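1. Turn this into a model:
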Amino acid sequence: LEVDVLNEARLRELKMGALLSVAQGSAEPPHLVVLTYTPPTWKQGQPVLGLVGKGITFDTGGISIKPSDGMEKMKYDMAGGATMAGAMCALAVLKPAHKIIALIPLAENMPGSRAQKPGDVQIAMSGKSIEVINTDAEGRLVLADALTYARQLGATHLIDAATLTGAVVVALGYVNVGTFGNNQKFLDAFLASGRAVGEKFWVLPVDDDYRDNIKSAIADIQNVGKGRGGGATNAAIFLKEFVDDTPWIHLDIAGTAWLEEAKPGMAKGPSGVAVRTLIHFAEHFSPDA
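-> Residues are numbered from 1 along each chain as shown. Here you go, the predicted model:
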């Protein structure tokens with residue numbers, strides 16, 4: 001694997017305002033890790049699979065601070081990033097036929113004196129303006145810039161994984177991964193890989209009828225939906241703003257990334273959910289989607 005670790009100065013050069021905004025309340029600087037696997041047969045212009053994983057190393061919620069009960073589990077808010085790192089380590093050994101890049105945006109969401117505040121407007125790398133209504137909806141901010149950069153690096157197909165919403169836990173509990181996609185053929189192939197390795201995914205809607213939920217009066221979009229309904233879909237709709245027509249799958253692993261009790265196929269504690277599916281999918285990746 002080739003490894004590139006972008007420091008804060010490089011993130012500023014790339015104008016990753018969404019990622020930088022999440023980290024500004026912490027003494028720990030943000031980074032973006034880029035892992036690249038390139039098979040010797042790959043040629044410029046051929047498809048590239050991009051894997052993007054949320055890497056919030058600890059999430060207090062920022063100024064929109066979380067309740068203290070259970071906050072110790074927020075060390076697991078980097079599970080999406082760990083998922084992609086784990087998959088890439090395996091794929092480097094298995095050597096699939098296609099080029100694969102993984103991007104892991106890393107930040108700590110803290111309520112320090114420089115922290116962003118509800119009502120701030122941030123400009124993402126794509127140029128899109130984002131009104132921050134809730135600083136605890138930070139995962140979608142770091143993913144926004146990482147998805148944009150993945151496309152800039154040449155990713156033709158995208159999969160992201162993130163412990164993104166409590167709403168997906170309300171919808172699906174601790175069994176299925178909330179799954180969203182904008183390309184049915186690409187999504188069907190991924191779900192087939194899940195069935196092949198015994199992991200459970202459930203598709204939720206991400207159609208444009210939901211976009212009104214994230215409209216802002218002062219920016220292009222806001223980072224949370226209006227009202228309590230459809231929270232997992234609202235987060236997915238937000239991410240969809242940064243992929244355009246690129247075939248894309250979003251995995252909300254908030255209910256499955258760590259478990260209080262073991263389940264068939266998933267361990268107690270950090271579960272490694274989706275790693276097996278991503279490996280199988282990458283090995284059998286078809287760029288026809």
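2. residues near Ala219, how many?
-> Using other CB atoms under 10 Å, the number of residues around Ala219 comes to 17. C-beta here means a position set from N, CA and C on the backbone, and glycine is covered the same way.
3. max-length helix in the protein?
-> Ranked by residue count, the top helix of the chain under DSSP state H comes out as helix 79-94.
4. What is it packed up against?
-> Secondary-structure packing of helix 79-94 (3 or more CB pairs under 8 Å, 6 or more residues apart in numbering; DSSP states H and E): strand 31-37, strand 48-53, strand 55-59, strand 99-109, strand 157-162, helix 275-283.
5. Average pLDDT for that helix, rounded please.
-> Averaged over helix 79-94, pLDDT sits at 98.
6. again with stretch 137-151
-> The model assigns stretch 137-151 a mean pLDDT of 98.
7. what's the distance between that stretch and the middle of its chain?
-> With CA atoms, centre = their mean, to the nearest Å as the basis, stretch 137-151 stands 7 Å off its chain's centre.
8. what about stretch 147-157, start to end distance?
-> Stretch 147-157 stretches 11 Å from its first residue to its last (CA to CA, to the nearest Å).
9. Other residues contacting that stretch?
-> If you take CB atoms under 8 Å, 6 or more residues apart in numbering as the criterion, stretch 147-157 is touched by 14, 16, 32, 34, 47-50, 52, 101, 103, 124-126, 158, 160, 186, 239, 242-244, 246-248, 285, 287, 289.
10. Could you pull out the helices in this structure for me?
-> Going by DSSP H, the chain shows helices at 8-13, 17-23, 79-94, 139-152, 167-172, 184-197, 231-240, 275-283.
11. Dump those helices to TSV, plus mean neighbour count and distance to Ser64.
-> Shown next, in TSV, are the helices of the chain (neighbours: other CB atoms under 10 Å; distance: least, CB to CB, whole Å):
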stretch	mean neighbour count	distance to Ser64
helix 8-13	14	23
helix 17-23	26	12
helix 79-94	21	20
helix 139-152	27	13
helix 167-172	20	15
helix 184-197	17	32
helix 231-240	25	14
helix 275-283	22	31
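12. For these, give me a markdown table that also has distance to Gly269.
-> A markdown table is the format used below for the helices of the chain (distance: least, CB to CB, whole Å):
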| stretch | distance to Gly269 |
| --- | --- |
| helix 8-13 | 32 |
| helix 17-23 | 26 |
| helix 79-94 | 11 |
| helix 139-152 | 21 |
| helix 167-172 | 17 |
| helix 184-197 | 20 |
| helix 231-240 | 23 |
| helix 275-283 | 14 |
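13. Thanks again, I'm all set now.
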